[in-house]
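S.K.: Please work out how this folds:
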Amino acid sequence: MPNIRLSMLALCFTLAAATLLAQKPHILTSDSVVLTLPLAPGEAPLKVTLAQMMAIYKEPGFSIAVIDHNRVSWARGFGVTAAGGSIPVTPGTLFQAASISKPVTAAGLLWLVQHGKLSLDEDVNLKLKSWKVPDNQFTSSQKVTLRRLLSHNAGLNVHGFDGYAQGLPLPTTEQTLDGLPPANNPPIRVTAIPGTECNYSGGGYTIAGLLTRDISGQSFEDFMRQHVLLPAGMMDSTFQQHVPPKLAARVATGTLRNGEPLPDKWHLFPELAPDGLWSTPTDLAKFAIEIALSKHGGANHILFPPTVREMLTVQCHDDPDGQGGTGLGFALGYQHHPEIFFHNGSNIGFQSILMMDPDAGWGFALMGNSDNFQSVVRPVLQFLARLNGWDILSHSRDLGEDLTIIRALRGVQAALDSYARAKSNAFVGLRHDVNTLNNFGYSLLGEKRFADAIRVFQLNVAEYPQDANAYDSLAEAYMDAGERKFAIESYEKSLQLNPKNENATVQLKKLRAE
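M.R.: All right, here's what the predicted structure looks like:
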């Protein structure tokens, strides 16, 4: 399966022309950012503009807002609101914020804590009215608390949600929590002792969202609008899945990896707390500024300084380098900058990034209407980092993105040759992991190039023979290609390596029934 939790680590590309660094931010254009990609010895390097990158990745459009000295210094849209369309993206175009909904939701819950309606450290079942977290062997000594929910440390399952095509029946929150039809997710349950491990859980945030309704007596949408969105000045944001008419005309259409627009334009996410926010980069920037200023005693329209400082304190150390972790809503610490808070978002057809240094007063928000968005905006972020002196981005290249560009301009075999050269050079200067080939394979699979996709996934399992997800991806390619026998073998291998792989279990059941 594809890697659905996007990483903010090492957003970088090599940029050409030092003279670009002298340009002013407000004249940033789709031709002012150039990626320089070295090839084999003796070959001239490839030079690709942002406009070309958008074409290669089939990214219709994106929007950006930049924060300087705790204010939105400029904002701009690139491209169009829908693949094949002609309506330009502007700073007022709305996108699904996806998981950036989580820190916004956390601010609402912390408002309740600040006003004495909730405690961070009591059993949430003491305040839940319409549904209770089922007790089991994992909750006998430790309970699910709000602190643990907001920091992904409550031992809960269900990483994320797929959403629902428009027109399909939508589950209630209680049906989502119990995995009952028409919900398309498994039951949300405690699967590890609360407080013992960091386990990213959209399911946990769904429980947190229910708390706001049970305690406030308001709908989640109305509560968040009253206590978070409006106080932060987020006038172009809503948790309503059927977007209000005054905003609906400005909504972008989601785009799949293959460049095709979602048939229904966007999916609905009734799991509002973890995934349901519609917003703009400017509004997300306003939220980040509100949190940053409140940390130091300014703003305070939502939360007071002690609450914000608690929000921006690491609660769960999930950074392998020990430089950060998860706070109450935000990820914290970035490349030796513990003060930075950030979050990514990814719903089908939409992706987003929000980052802020609350002490230095700079930050940015970007939102796009494509599953390829993150790859497209990396050179933009590198350009802006150099232009503004943000010391946050590493200077290595992403090998997976090299492969994608080389494949687009030179073909699949040239890309695989590039991988082989990189490996022979011990991948010096290149970031890579099991997802490098995995994501490359999915780009081919999305275009129904089954033989090429299978070849790439086979290489990946050879490179990472102990990775369950590598076999899961190979199995999916076999399945899509109609190779039932090999699909079963690969799913079985994936399940052998990771007995908790729910996807492999489900797909094996389907394949064996055929």
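
S.K.: Next one: residue 420 from residue 453, what distance?
M.R.: 18 Å (Cβ to Cβ, to the nearest Å). Bear in mind the C-beta positions are built from the backbone N, C-alpha and C, glycine included.

S.K.: These two - which one has more neighbours?
M.R.: Neighbour totals were compared for residue 420 and residue 453, and residue 453 leads with 26 against 11 (other Cβ atoms under 10 Å).

S.K.: Give me the buried positions along the strand or helix carrying that one.
M.R.: Residue 453 belongs to helix 450-463 when assigned by DSSP states H and E. Residues 450, 452-461, 463 are the ones in helix 450-463 that count as buried (16 or more other Cβ atoms under 10 Å).

S.K.: And stretch 333-348, by the same measure?
M.R.: 333-335, 337, 339-348.

S.K.: Show me what the helix holding residue 453 is packed against.
M.R.: Applying 3 or more Cβ pairs under 8 Å, 6 or more residues apart in numbering; DSSP states H and E, one finds that helix 450-463 contacts helix 412-424, helix 434-445, helix 468-480.

S.K.: Can I get the buried residues of helix 450-463 in JSON lines including distance to residue 210 and pLDDT?
M.R.: Below are the buried residues of helix 450-463 laid out as JSON lines (distance: Cβ to Cβ, whole Å; pLDDT from 0 to 100):
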{"residue": "450", "distance to residue 210": "42", "pLDDT": "97"}
{"residue": "452", "distance to residue 210": "45", "pLDDT": "97"}
{"residue": "453", "distance to residue 210": "40", "pLDDT": "97"}
{"residue": "454", "distance to residue 210": "43", "pLDDT": "97"}
{"residue": "455", "distance to residue 210": "46", "pLDDT": "97"}
{"residue": "456", "distance to residue 210": "42", "pLDDT": "97"}
{"residue": "457", "distance to residue 210": "39", "pLDDT": "97"}
{"residue": "458", "distance to residue 210": "44", "pLDDT": "97"}
{"residue": "459", "distance to residue 210": "45", "pLDDT": "97"}
{"residue": "460", "distance to residue 210": "39", "pLDDT": "97"}
{"residue": "461", "distance to residue 210": "41", "pLDDT": "97"}
{"residue": "463", "distance to residue 210": "43", "pLDDT": "97"}
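
S.K.: Point to the residue nearest the middle of this structure.
M.R.: residue 345 (2.9 Å; Cα atoms, centre = their mean).

S.K.: Does it belong to a helix, a strand or coil?
M.R.: Here residue 345 is strand, with the state taken from DSSP: H, G, I helix; E, B strand; the rest coil.

S.K.: Where does pLDDT dip in this structure?
M.R.: 1-28, 30-32, 319-323, 393-396 (pLDDT under 70).

S.K.: Please point out which parts of stretch 111-129 sit buried.
M.R.: Buried-residue list, stretch 111-129, by 16+ other Cβ under 10 Å: 111-114, 118, 120, 123-125, 127-128.

S.K.: now the end-to-end length of it.
M.R.: 19 Å (Cα to Cα, to the nearest Å).

S.K.: So what's the gap between it and the chain middle?
M.R.: 28 Å (Cα atoms, centre = their mean, to the nearest Å).

S.K.: Give me the contacts around that stretch.
M.R.: 109, 132-133, 143-147, 149, 207, 210-212, 214-216, 227-228, 302-304, 307, 310, 328 (Cβ atoms under 8 Å, 6 or more residues apart in numbering).

S.K.: Filter these down to the buried ones.
M.R.: 109, 133, 143-147, 149, 207, 210-212, 215-216, 227-228, 302-303, 307, 310, 328.

S.K.: out of the residues you listed, which are inside helices?
M.R.: 109, 146-147, 149, 207, 210-212, 215-216, 307, 310 (DSSP state H).

S.K.: Need these in TSV (columns: distance to residue 389).
M.R.: Output for those, formatted as TSV (distance: Cβ to Cβ, whole Å):
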residue	distance to residue 389
109	35
146	38
147	36
149	37
207	41
210	43
211	41
212	39
215	44
216	43
307	31
310	30
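
S.K.: rewinding a little: just give me the neighbour total for the residue nearest to the residue nearest to the centre of the chain when sequence neighbours are not counted.
M.R.: In space, and not counting its chain neighbours, residue 345 is closest to residue 98: 3.1 Å by Cβ to Cβ, 6 or more residues apart in numbering. Neighbours of residue 98 under the rule other Cβ under 10 Å: 28.

S.K.: I'd assumed residue 364 was in a helix, is it?
M.R.: No. Residue 364 is assigned strand when assessed by three-state DSSP, not a helix.
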